[in-house]
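Peer 1: Task: produce atomic coordinates for the following.
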Amino acid sequence: MLRIHFTDADLARTRIAATADPLWEIVSSLHRFQTRKGRWAYTDWYHDACTRIRERDLERTVRSLLIPVAPRAAYYPDFLTPAEGSDGLRAGLAAILRTPGERVRREVQVMARVSGAPAWTSRLAETGMREELVKALRSYHEAVIAPHSDRIQAHVDAERSLRTRPLMDHGTDGLLRSLRPVMEWNPPVLHVPCAGWTRDLHLGGRGLLLVPSYFCWQQPVALADHELPPVVVYPIVRQAPARRRTSGTHRVSALESLIGQRRAAVLLATGTGETTGGLARAAGISASAASQHTRALRDAGLITSRRVANSVLHTLTPLGAALISPPSAEGQWQGAALDANA
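Peer 2: Numbering: from 1, shown residues only. Now for the predicted structure:
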């Protein structure tokens with residue numbers, strides 16, 4: 001458990017990242033190969049990634065270099081996810097190369113002690129070995145992250161839309177409360193169920209950057225070194241597959257009564273950002289029918305659509321997010337269809 005302590009200045013400086021961070025997505029996606037938990041949410045990506053890794057002869061690189069450096073464990077080195085990653089992959093990789101060797105050596109030693117690491121990882125303190133690592137990270141990103149970048153960003157856009165209403169209605173306090181059940185806000189402390197030991201982080205006026213992540217699953221992640229810019233990477237709101245949703249629930253039934261069963265299915269599937277084809281598959285309808293429903297939902301101000309290459313990506317507007325996930329009876333904003341333990 002990580003307890004993050006806020007001051008008034010920190011509340012004013014808390015924000016949500018506008019884009020996915022490529023290095024956090026690389027590390028979190030590597031974790032998806034190390035567990036079957038949550039595999040249902042990444043089925044299409046997982047099979048595509050495995051195919052691309054084989055086609056580009058990256059199997060040994062992923063298995064022997066990248067996964068050992070970024071284990072799905074209580075600790076992996078902070079230098080893999082520098083703050084510069086928010087400016088894009090190139091800036092983030094350059095920051096990894098610039099990391100002082102002594103810091104790299106120290107963090108690798110912590111990983112070896114806490115999570116276990118092969119002996120060769122001590123050589124990451126050498127610039128030449130980090131250059132090899134950066135080359136592998138770039139190749140991996142090109143193979144399995146970049147082809148899905150538009151969908152990943154659509155999910156991040158949808159997540160930001162979900163957080164807009166509580167922020168507008170209740171300020172940063174409302175935003176932090178809306179992060180339940182992934183995180184628990186008990187002013188002035190945000191309780192974050194990170195893996196590892198219980199610790200306290202005092203922001204001291206630096207504020208907090210919240211980074212929605214497509215590949216982060218279940219638990220948020222934070223940097224271990226409290227001297228680094230404070231950041232919490234957390235899983236985006238995600239819907240379970242249609243077969244897991246119970247259409248008999250009051251929320252879904254009321255929505256279906258309001259706009260119809262098929263259109264409700266399309267709106268719910270848009271909850272984390274989706275293409276027209278994806279919406280058609282989720283709702284069990286043709287692509288042309290999905291287009292008709294998205295047009296009606298867009299005209300009603302419930303979704304937005306934008307063309308990317310040969311696809312159209314649809315995301316919720318704040319009004320659409322409010323419709324599928326209304327405030328609870330207690331007046332606290334609740335995220336849509338989020339099950340952090342699925």
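
Peer 1: A290 is in contact with L279, correct?
Peer 2: Yes: at 4.6 Å, L279 counts as touching A290 under the criterion of CB atoms under 8 Å. C-beta: built from backbone N, CA, C; applies to glycine.

Peer 1: buried stuff in whichever helix in the chain runs longest?
Peer 2: The longest helix of the chain (DSSP state H) is helix 149-177. Buried residues in helix 149-177, counting neighbours by 16 or more other CB atoms under 10 Å, are found at 149-167, 170, 172, 174-177.

Peer 1: Test my guess that D225 contacts P77.
Peer 2: No: contact criterion CB under 8 Å: D225 and P77 do not qualify, at 9.8 Å.

Peer 1: Show me where this protein has its strands.
Peer 2: 2-5, 15-16, 184-186, 189-192, 199-202, 209-213, 221-222, 231-235, 274-275, 303-308, 311-316 (DSSP state E).

Peer 1: can you put those strands in CSV and add mean pLDDT, mean neighbour count and distance to L268?
Peer 2: Shown next, in CSV, are these (pLDDT from 0 to 100; neighbours: other CB atoms under 10 Å; distance: least, CB to CB, whole Å):
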stretch, mean pLDDT, mean neighbour count, distance to L268
strand 2-5, 96, 18, 32
strand 15-16, 95, 16, 23
strand 184-186, 96, 15, 26
strand 189-192, 96, 18, 28
strand 199-202, 94, 14, 36
strand 209-213, 96, 23, 19
strand 221-222, 94, 23, 27
strand 231-235, 95, 22, 18
strand 274-275, 82, 24, 10
strand 303-308, 79, 16, 11
strand 311-316, 81, 23, 10
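
Peer 1: how far away is the nearest residue to L203 once chain neighbours are set aside from G101?
Peer 2: Among residues not flanking L203 along the chain, D10 sits closest, at 4.2 Å (CB to CB, 6 or more residues apart in numbering). Distance of D10 to G101, given as CB to CB, to the nearest Å: 33 Å.

Peer 1: Could you do T61 as well?
Peer 2: 23 Å.

Peer 1: more crowded one of the two?
Peer 2: Between T61 and G101, counting by other CB atoms under 10 Å, T61 is the more crowded of the two (20 against 13).

Peer 1: The more buried one contacts K135, correct?
Peer 2: No: with contacts counted by CB under 8 Å, T61 stays clear of K135, the gap being 9.1 Å.

Peer 1: wait, A73 sits on G116?
Peer 2: Yes: between A73 and G116 there is a contact at 7.5 Å, judged by CB under 8 Å.

Peer 1: the more surrounded of the two?
Peer 2: Taking neighbours as other CB under 10 Å, A73 and G116 compare with A73 leading, 15 against 11.

Peer 1: quick one, phi/psi of that one?
Peer 2: The phi/psi pair for A73 (degrees, to the nearest 10) reads phi -150, psi -180.

Peer 1: how about the nearest residue to it, chain neighbours excluded?
Peer 2: According to CB to CB, 6+ apart, the nearest residue to A73 is S115 (3.6 Å).

Peer 1: Pull the contacting residues for the one you found.
Peer 2: Counting by CB atoms under 8 Å, 6 or more residues apart in numbering, S115 touches P71, A73, A74, Y75, Y76.

Peer 1: now H293
Peer 2: Counting by CB under 8 Å, 6+ apart, H293 makes contact with R262, R263, V266, L279, A283, I285.

Peer 1: can you map out the helices along the chain?
Peer 2: 8-12, 22-32, 43-55, 59-61, 67-69, 89-98, 101-114, 127-140, 149-177, 250-259, 261-269, 276-283, 287-299, 318-324.

Peer 1: and those as TSV, adding distance to V221?
Peer 2: Shown next, in TSV, are the helices of the chain (distance: least, CB to CB, whole Å):
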stretch	distance to V221
helix 8-12	19
helix 22-32	7
helix 43-55	19
helix 59-61	23
helix 67-69	15
helix 89-98	16
helix 101-114	14
helix 127-140	17
helix 149-177	16
helix 250-259	30
helix 261-269	27
helix 276-283	27
helix 287-299	34
helix 318-324	24
